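Asker: Have a look; sequence and predicted model below, questions after that.
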Amino acid sequence: MKSGGSLLKSEKGMSFISGKRRSLIWLTGAAASFLTCFVLESRLFLTVSVWGEPSPSGLITRGILFALIYGMAFEQKQTKRRIVFCTVPGFLMAVMILLGLRYSLNTHIAESWSGIFPALLILTLLFSCMMCLLLLLPSVVRKKDAGNHFFRSWLIWMAFSWCVYLPVFLAVYPGIYSYDASVQLLQLFGEMPLSTHHPLLHTFYLGVCMKAGEYLFGSYQAGMAIHSLSQSLFMTSVFSFILTRMKQRGTPTWLLGLSWLFLVANPYLTIFSFVTTKDVLFGGFFLLTFELACDFAADPGKFLKNPFQMVSFFMTIFFMCLFRNQGIYVYLFFAVLLLCAWSLVCKKNREKTGWGSRFILFSFSVTAAWYLFSGPIPAAAGVEKGDAREMLCVPMQQLARVYTEEPEYLTDSEKKYIETLIEPDALKNYVRVNADPVKSGFHTEVLSEDPAEFFRVWAKIGLRRPETYADSFFMGNWGYWYPCDSQYWISYILFDGAFLEEPYNILGITRNSRLPVLESWLREISLVPAFQQIPILSILLNQAFPFWLMLVTAAGVWYRKEHRGLLPLTLILGYWGTLLLGPVTSLRYALPIIYCVPLMAELFLLGRTCERQSADI
């Protein structure tokens, strides 16, 4: 009895100690929460509040939320590996928040570095604790029984999708004639020289739709409707295909439902399915490429022995590249990193795997096919080559920034060269967040005459003013990595069209809505996005969210040692890298990686490695 009583007493003591420790942990979490709010919102360290103008209710809500995050994270048993995989992403997120805050407000956020460091440390701690909790999610998410009826499931998803798409089509009937469509059709109808500035495949697709409408129904309006229906049908088919494959892999019903809501019921993505921009179809093929890249990474040897999968992968990459030249650079980035990983594995295991040489041949075939259809064949048909200035948005903005805001750092010869390179009127129209005004006055022929001189002047000025160059670079792309705010260039959708004036709109395309009430609502949310006022949606629907999700997914699969899961993510990273070099931050440019959000969530929560095989159709 005494022995039993001692044991009971010992167990009670352990319970008391455990409870006391837990109380201490949660008190520490509360203290950390108070410190977080104090440093980030008191304006004693930073000149602005990190989370916007503080209000009593907002402070209380954030304080409780932070205390919960810290308390639950501090309760977890930590290992060196987990600490590393939480701290590194946490630090990167903290840096992006502070840099994004600085550029979104276009002002300095601290008087000195003594204010930046405490904020950086606190944010790193906060995001590291969030990562700690996120890394626990895959252990509690369970797959369900995989479905077997592919075609029936695909039809069901299509039916659900068109319950959303049909009303939107009627609201924007015959479609959203916007962005570059008018200019592309001017080229196709002979009013302007045909060039590869816009993807030829997309230009011909627009023309075929318009001609079909004119031939079948005697109206280019009908042609616009054919374009809207065919493009939206393709996108819903792709989304339904992705959702069906996710279901076949045993993805939980709740994640499938959220994925459908994100891809189909999301009004911003739905609107874009009826817009005449190449980014929509490019995004569809990019999504298919990412899906098949996940299959490839799961088992490269098996994938390359399957002719159907090989042909499917080839065609999705090929069309992705034809709808945007960025596609080939993104794919080659993926291919090179994959081959590097393959060589490292072979060296480590001291053996060769047979799929490496087959993949090299496959990649060469893709590249050769893209080159033929984007270079020699158009040139033989008399199609003009696109302007090289499209690839130089970052350096031209940096030169224009120094010229307009810091001319005292330029020599007379450098000023003269910049004025020869860029029209003076274009330099006067310089804005920090959009390269288009400067690009419109850029003389490519000056660059072509002496490329070495251009890069010499650019590099010389950059060495003299590196901080200005860096500032110009980040100012042009902060919307792709800062998820807490949006700007005009980010959220604006050309809902009512573009280039609709008479010299451009030669086909006379006009809006003739069949559901004007719904059209009015869609217009309102497009021009003034309401989601920005809703805490969770403002993050999920921000075009920076895919990059953050990619960062979390990479950390998760690497932490679980599912290293093959990192390979398809290089497609996301590669395309995101090209966005940083673009002329402006725009929602339509980010569409391809936004479409991939459900697959990245699945990859993070469930994995796609050899141990967790993907389903065959």
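Answerer: Thanks, I have the structure now.
Asker: Pretty sure Pro193 sits in a helix.
Answerer: No: counting by DSSP: H, G, I helix; E, B strand; the rest coil, Pro193 is not found in a helix; it is coil.
Asker: phi, psi of the residue nearest to Met192 when sequence neighbours are not counted?
Answerer: Spatial nearest neighbour of Met192, chain neighbours left out: Leu186 (4.5 Å); criterion: CB to CB, 6 or more residues apart in numbering. Any C-beta I mention is one placed from the backbone N, CA and C, and that applies to glycine too. The phi/psi pair for Leu186 (degrees, to the nearest 10) reads phi -60, psi -40.
Asker: so Leu186 touches Tyr504, yeah?
Answerer: Yes: with contact defined as CB atoms under 8 Å, Leu186 counts as touching Tyr504 (6.6 Å).
Asker: And this protein, split by domain according to the record?
Answerer: If you go by automatic domain parsing, the domain ranges for the chain are 24-135, 150-384+493-497+514-612.
Asker: Can you give me the end-to-end span of the shortest one?
Answerer: Yep, that's domain 24-135 we're talking about. 24 Å (CA to CA, to the nearest Å).
Asker: for the stretch 351-500 of the chain, which spans come out with low pLDDT?
Answerer: Along the stretch 351-500 of the chain, the model assigns pLDDT under 70 to residues 351-354, 487-492.
Asker: Now do the helices in it.
Answerer: Along the stretch 351-500 of the chain, counting by DSSP state H, counting those that start in this stretch, helices occupy 355-374, 376-380, 393-405, 412-421, 424-428, 436-439, 444-449, 451-464, 466-477, 488-491.
Asker: which element follows the last one toward the C-terminus?
Answerer: Meaning helix 488-491. Sequence-wise, the next helix or strand downstream of helix 488-491 (DSSP states H and E) is helix 516-527.
Asker: Remind me what that next one packs against, helices and strands.
Answerer: helix 150-171, helix 267-272 (3 or more CB pairs under 8 Å, 6 or more residues apart in numbering; DSSP states H and E).
Asker: Contacts only, for the residue lying closest to Thr289 once chain neighbours are set aside.
Answerer: Leaving out its chain neighbours, the residue that sits closest to Thr289 by CB to CB, 6+ apart is Thr316, at 4.7 Å. Thr316 makes contact with Phe285, Leu288, Thr289, Leu292, according to CB atoms under 8 Å, 6 or more residues apart in numbering.
Asker: Am I right that Thr316 sits in a helix?
Answerer: Yes: assigned with three-state DSSP, Thr316 falls within a helix.
Asker: which is the next helix or strand following the helix or strand containing Glu214?
Answerer: Using DSSP H and E, Glu214 falls within helix 200-217. Toward the C-terminal end, the helix or strand that comes next after helix 200-217 (DSSP H and E) is helix 220-248.
Asker: Could you list the buried residues of that next one?
Answerer: Neighbour-count burial for helix 220-248, with 16 or more other CB atoms under 10 Å as criterion, is recorded at 220-229, 231-232, 235-236, 238-248.
Asker: now the helix holding Glu214 against helix 220-248, angle please.
Answerer: Angle, helix 200-217 to helix 220-248, by axes from the mean of the first three to the mean of the last three CA atoms, to 10 degrees: 120 degrees.
Asker: Could you list the buried residues of helix 200-217?
Answerer: Leu200, Leu201, His202, Thr203, Tyr205, Leu206, Gly207, Cys209, Met210, Gly213.
Asker: rewinding a little: of the domains of the chain, which is nearest Tyr482?
Answerer: Nearest of those to Tyr482, taken as CB to CB: domain 24-135 at 2.5 Å.
Asker: Give me the mean pLDDT for the closest one.
Answerer: Per-residue pLDDT values over domain 24-135 give a mean of 93.
Asker: Can you tell me which of the helices of the stretch 351-500 of the chain is packed in deepest?
Answerer: helix 393-405 (a mean of 22; mean count of other CB atoms under 10 Å).
Asker: Residues in contact with that one: which ones?
Answerer: 389, 409-410, 415, 418, 421-422, 426-428, 430, 432, 435, 438-439, 442, 457-458, 461-462, 465, 468-469, 471-473, 476, 581-583.
Asker: Out of the domains of the chain, indicate the one that is most buried.
Answerer: domain 150-384+493-497+514-612 comes out most buried of those by mean count of other CB under 10 Å, with a mean of 19.
Asker: Distance from the chain centre to that one, please.
Answerer: In terms of CA atoms, centre = their mean, to the nearest Å, the centre of domain 150-384+493-497+514-612 is set 11 Å apart from its chain centre.
Asker: Please identify the helix or strand for Thr124.
Answerer: Assigned by DSSP H and E, Thr124 belongs to helix 113-134.
Asker: where does Gln78 fall, phi/psi-wise?
Answerer: Its backbone dihedrals place Gln78 at phi -100, psi 140, with angles given as degrees, to the nearest 10.
Asker: same thing with Gly58?
Answerer: Dihedral angles (degrees, to the nearest 10) for Gly58: phi -70, psi -40.
Asker: I figured it hits Ser49, correct?
Answerer: No: using CB under 8 Å as the test, Gly58 is too far from Ser49 to be in contact (9.5 Å).
Asker: picking that back up, just send the domains of the chain back as TSV, with distance to Tyr482 too.
Answerer: Shown next, in TSV, are these (distance: least, CB to CB, whole Å):
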stretch	distance to Tyr482
domain 24-135	2
domain 150-384+493-497+514-612	6
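Asker: what's stretch 336-349 in contact with?
Answerer: Taking CB under 8 Å, 6+ apart as the rule, stretch 336-349 contacts Pro300, Lys352, Thr353, Trp355, Gly356, Phe359, Ile360, His563, Leu567, Thr570.
Asker: if I look at the fourth one, how far off is Thr367?
Answerer: To tie it back to what came earlier, the one meant is Trp355. Applying CB to CB, to the nearest Å, the value for Trp355 to Thr367 is 18 Å.
Asker: on that earlier part again, just name the closest of the buried residues of helix 200-217 to Ala119, please.
Answerer: Comparing the buried residues of helix 200-217 against Ala119 with CB to CB places His202 closest, at 45.1 Å.
Asker: shouldn't that closest one be in contact with Lys278?
Answerer: Yes: taking contacts as CB under 8 Å, His202 lies within contact range of Lys278: 4.2 Å.
Asker: what do these two both touch?
Answerer: Listed as contacting both His202 and Lys278 by CB under 8 Å, 6+ apart are Phe323.
Asker: ok, Leu136 - contacts?
Answerer: Residues in contact with Leu136 (CB under 8 Å, 6+ apart) are Gln76.
Asker: so what's the residue nearest the centre of the chain closest to, chain neighbours aside?
Answerer: Centroid-nearest residue in the chain, with CA atoms, centre = their mean: Ile593, separated by 3.7 Å. Distances taken as CB to CB, 6+ apart put Pro546 closest to Ile593, at 4.0 Å, once the chain neighbours are dropped.
Asker: how much does the helix or strand encompassing that neighbour deviate in direction from helix 113-134?
Answerer: For Pro546, the element it lies in under DSSP H and E is helix 545-559. Computed by the same axes, to 10 degrees, the angle separating helix 545-559 from helix 113-134 equals 60 degrees.
Asker: pretty sure Tyr589 contacts Asp279?
Answerer: Yes: the criterion here is CB under 8 Å, and Tyr589 meets it with Asp279 at 6.4 Å.
Asker: about what we covered before: now the element after the helix holding Pro546, going C-ward?
Answerer: The helix or strand immediately downstream of helix 545-559 is helix 566-580, counting by DSSP H and E.
Asker: Now do that following helix against helix 466-477, angle only.
Answerer: Inter-element angle recorded for helix 566-580 and helix 466-477: 100 degrees (by the same axes, to 10 degrees).
Asker: what's the average pLDDT for helix 566-580?
Answerer: Per-residue pLDDT values across helix 566-580 average out to 97.
Asker: show me what contacts Phe547?
Answerer: Neighbouring residues of Phe547 by CB under 8 Å, 6+ apart: Tyr480, Trp481, Ile572, Trp576, Ile593.
Asker: Save those as TSV, and put in distance to Asn542 too.
Answerer: Conversion of the contacts of Phe547 to TSV gives the following (distance: CB to CB, whole Å):
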residue	distance to Asn542
Tyr480	10
Trp481	10
Ile572	16
Trp576	14
Ile593	12
